[in-house]
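Undergrad: predicted model, plus sequence, below.
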Amino acid sequence: MGMLKVFRYAAAVAVAAALTTAPSAAAAPALAAPGAPVATLFQGSDSFANTSRCSQGPSGVVRTPDGQTKRIMITAAHCFDVDDKTVRPEVYAPVRSGGGVRYPRVGSVDTQRKKFELGNGELMDFYRIIDEPDWAMVRLDPGVSASGWSTSRDQWGSTPSRNVAITGVKDYRSLGNELISFDNFGQPICKDGMRTGRSCGTQVFRTQNFIWHVGLNYASGDSGGINYDPRTGEAIGLTVIGYGPFGNSQQIDHALESAYGIPDGQVNQAFTPAEPAPRAEFATLRDEIAQHNPAAANKPAPAPSKFHKLTGAVNGAQADAARLAGEAQRLPQAADPVAAAQELAGRAGAAANQRAGEISAAVNAIIR
């Protein structure tokens, strides 16, 4: 498959944050939430029909070296790039309301990546093109609540994925003059997005700006959505580009460092993810289509192929294994390590049996 610049319905990143304490019980459901959809508007128009859609990345509070404190959500910069139109530097959240969809504003762009200056066709120009940063920091409007729970549904309204609490940011060392590093090879990675929901895969290598991986299978509309480590809950990156099963995500640590002048290795001292909190009832792409073209929205969701079911079952097993392995590493810190280990073993056994059944059923369906 050719390169898919995942942006037409693109994935905007939700990064609104509740300062450093949990939001009160009276707080409105969060409009800024990892994996949730966002919409944009074209300059001079108030219509959301035929405009871009993206997914949200993490939300939180950033403290800049000059003493400022900002509530932000992070997304992909290409969500605001449309060849023949000017996109307003604002994001809105499609939410269900009274049988339809409304679009409350989430915030406006605080700062975004600067495109590389190209030279005369040297080798480094090629590297700059494939490693061009792709992030935008959205400052949340006053009164907009944020959640640290990552979850998503696909465009057809599938069952939401399990809530994952975002615990921090994976802080990679800067590569400096190195062009590539394999220090992340084999590590797990999962994503949430408004187009295809959750999927998990494996990291292969990284460059200055990107994590390259296999198995996430990005689609248009997932752009800007959170990519995270299922073992730790750390935010890794933002969905950017897919080449079939191969893809890359913008490193969140490098994006925050570049945006706000945060020193390398100090991202988690400067950025605090939003606390887990109830999320708004976000509309699916199908809900939005129904508002503008009911006949098209009534089209049934395509049945997953036999191989798609197998891939989903294997990805689910890998994500469970990574998550449970992360919990096992934290057992020595438990109040009662023995009891915690027994409880974890029970959950691990149940998860293994469930995934084994799913994989077996998928394999049997293929070979019949």
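TA: Done, it's in.

Undergrad: could you use CA atoms for every contact and neighbour count after this?
TA: OK.

Undergrad: the stretch 251-368 of the chain: helices as residue ranges?
TA: Secondary structure of the stretch 251-368 of the chain (DSSP state H, counting those that start in this stretch): helices at 252-260, 267-270, 285-292, 294-297, 306-329, 337-367.

Undergrad: pLDDT-wise, which helix or strand of the protein ranks last?
TA: Within the chain, no helix or strand scores below strand 4-5, which has a mean of 39 by mean pLDDT, DSSP states H and E.

Undergrad: mind listing what's buried along the helix or strand following it?
TA: Per DSSP states H and E, the first helix or strand lying C-terminal to strand 4-5 is strand 37-39. Within strand 37-39, the residues that count as buried by 16 or more other C-alpha atoms under 10 Å are 37-39.

Undergrad: and which of those residues is nearest to Asp66?
TA: Using C-alpha to C-alpha, Val38 is the member of these that lies nearest Asp66, at 30.1 Å.

Undergrad: so the nearest residue to the closest one once chain neighbours are set aside versus Ala283, what's the distance?
TA: In this structure, Val38 finds its nearest non-sequential neighbour in Ala93, 4.6 Å apart by C-alpha to C-alpha, 6 or more residues apart in numbering. The gap separating Ala93 from Ala283 is 8 Å, by C-alpha to C-alpha, to the nearest Å.

Undergrad: of these two, which one has the most company?
TA: Set Ala93 next to Ala283 and count neighbours by other C-alpha atoms under 10 Å: Ala93 wins out with 30 against 24.

Undergrad: and that one, backbone torsions?
TA: phi -110, psi 120 (degrees, to the nearest 10).

Undergrad: residues contacting it?
TA: Going by C-alpha atoms under 8 Å, 6 or more residues apart in numbering, Ala93 touches 31, 37-39, 103-106, 282.

Undergrad: between the residues you listed, which is nearest Gly186?
TA: Pro37 (29.2 Å).

Undergrad: and the residue nearest to that closest one when sequence neighbours are not counted, its phi and psi?
TA: Distance criterion C-alpha to C-alpha, 6+ apart; nearest residue to Pro37, sequence neighbours excluded, is Ser55 at 4.5 Å. As for Ser55, its main-chain torsions (degrees, to the nearest 10) stand at phi -120, psi 160.

Undergrad: same question for Tyr92.
TA: phi -130, psi 160.

Undergrad: measure it to Cys200 for me?
TA: Counting by C-alpha to C-alpha, the gap from Tyr92 to Cys200 is 27 Å.

Undergrad: between those two, point out the one with more neighbours.
TA: Cys200 (27 against 22).

Undergrad: Leu216 is in contact with that one, correct?
TA: Yes: Cys200 is in contact with Leu216 according to C-alpha atoms under 8 Å; the separation is 5.4 Å.

Undergrad: follow-up on the earlier one: kindly reformat the buried residues of strand 37-39 as TSV containing distance to His292.
TA: Conversion of the buried residues of strand 37-39 to TSV gives the following (distance: C-alpha to C-alpha, whole Å):
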residue	distance to His292
Pro37	17
Val38	17
Ala39	15
